[in-house]
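S.K.: Sharing a model that was predicted from the sequence below.
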Amino acid sequence: MKKITAAITGVQGYVPETVLSNEELSKIVDTSDEWITSRTGIKERRIMKDGASSDMAAAAIKGLLEKMNIDPMEIELVICATVTPDYPFPSTANVICDKVGMKNAWGYDTIAACSGFIYALSTGAQFIETGRHKKVIVVGVDKMTSILDYQDRTTCVIFGDGAGAVLLEPNEEGNGVIDFILRSDGSGRQYLIQPAGGSALPPSHQTIDDRMHYVKQEGKAVFKFAVTNMAEVSAEIMEKNGLTSDDVDWLVPHQANLRIIDATADRMGLTKDKVMINIQKYGNTTAGTLPLCLWDYESQLKKGDTLILSAFGGGFTWGAVYLKWAY
Ligand code: UT7
């Protein structure tokens, strides 16, 4: 019997219509288009005015199923990567299944911040490889504006809202998820965190007065860890699988900062034309960045292409996925 791999057989993104440009942000906080562009590469981001993370995820999944002509009832499992769930519980996956009409599916959420999509993709792939499921949806979504402090110029300029979904199906041609390396180090949690609202610091008047329900980031510290670890793990997965830079067709990097992306591509020996970049349009959409890249570049991908997906995020969490494109 041939080995079954979990292949991405379709991808679809969703971003809200409202655009927030660097110029507009510079009227809200003390910043400038020049600072944001030169430090991060971001020119604008999308802002969700009404609705929740599940609405963006549901829009991406509905679009995916429509373009693939698949009935929502055929979906067996939905894994949702997010740090901005609709509620502490029930899970956002649960809500998404209801909104899309995936009544035969079960689902759950994965919290791994900006690494959420690769964590969810790697776990979703296991259900296909074992033969347990035939149709698994992995969606990365974040409504970062729901946890951004528009008085903090160090964080509010970086993030945006968006969602991207992929369908995983069994493949016997050797395409799909070939390998992954996933890491976590919880001792880095103080550098990038939403401190209040969980069981460690439940909501109170004090936590609200202290603005503790917003994203807090020590940018410089996170930058140092991100630039080293994202580059190292991407090089490691290449070495582990005997891949040279010539073998890699695409780097699909988490879109947090153009300088981190450049350093990762350099470490892998890749030229810029092999690197997916859309940070200028969407900013950092946390769990949404990687599927939104795949969506934007879908028309350029060819069957058999070698992709390395790579991410670093709060936790810390980081990792890389080696996959072969299936269509
Ligand atoms: O996605 C999850 C993982 N997250 C990341 O990978 C993010 C990693 N970190 C970064 O990308 C960068 O550290 C940032 C983009 C967040 C910041 O860039 P930086 O080059 O590290 O700047 P910095 O924090 O060292 O700040 C430099 C200066 C400071 O002023 P002083 O102290 O030199 O006078 C900041 O106060 O820039 C100031 N600054 C700003 N100025 C204008 C910070 N934010 C802004 C801003 N506009 N928005």
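M.R.: Here it is on my side, so go on. Numbering: from 1, shown residues only.
S.K.: Roughly how far does the most centrally placed residue in the chain sit from the ligand?
M.R.: The centroid of the chain falls nearest to residue 287 when counting by C-alpha atoms, centre = their mean (2.7 Å). As judged by C-beta to the nearest ligand atom, to the nearest Å, residue 287 and the ligand stand 10 Å apart. Yep, even glycine has a C-beta here, placed from its N, CA and C like the rest.
S.K.: Confirm that residue sits in a strand?
M.R.: No: in this structure, residue 287 is helix, not part of a strand, as judged by DSSP: H, G, I helix; E, B strand; the rest coil.
S.K.: For it, which residues are in contact?
M.R.: 81, 82, 83, 112, 113, 114, 116, 117, 120, 140, 141, 142 (C-beta atoms under 8 Å, 6 or more residues apart in numbering).
S.K.: Name the SS class of the third one, please.
M.R.: Here residue 83 is coil, with the state taken from three-state DSSP.
S.K.: Distance of the closest residue to it other than its chain neighbours relative to the ligand?
M.R.: Leaving aside its chain neighbours, residue 83 sits nearest to residue 113 (5.3 Å; criterion: C-beta to C-beta, 6 or more residues apart in numbering). Look at residue 113 and the ligand: by C-beta to the nearest ligand atom, they are 6 Å apart.
S.K.: dump the residue contacts of residue 113.
M.R.: Taking C-beta under 8 Å, 6+ apart, one finds 83, 192, 286, 287, 313, 314, 315, 317 in contact with residue 113.
S.K.: if you set the cut-off to 6 Å instead, what comes out?
M.R.: Counting by C-beta atoms under 6 Å, 6 or more residues apart in numbering, residue 113 makes contact with 83, 313, 314, 315, 317.
S.K.: most neighbours, which of these?
M.R.: residue 313 (29 neighbours; other C-beta atoms under 10 Å).
S.K.: So that residue sits against residue 114, correct?
M.R.: Yes: using C-beta atoms under 6 Å, residue 313 is in contact with residue 114, at 2.7 Å.
S.K.: tell me the helices in this protein, going along the chain?
M.R.: 22-25, 33-40, 53-68, 92-100, 116-129, 153-156, 205-209, 219-240, 258-268, 279-282, 289-297 (DSSP state H).
S.K.: of all those helices, which lies closest to the ligand?
M.R.: Closest approach to the ligand among the helices of the chain (C-beta to the nearest ligand atom): helix 219-240, 2.9 Å.
S.K.: so how far is residue 308 from the residue nearest to residue 302 when sequence neighbours are not counted?
M.R.: In this structure, residue 302 finds its nearest non-sequential neighbour in residue 325, 6.7 Å apart by C-beta to C-beta, 6+ apart. Using C-beta to C-beta, to the nearest Å, residue 325 is found at 12 Å from residue 308.
S.K.: Which one of the two is surrounded by more residues?
M.R.: residue 308 (27 against 19).
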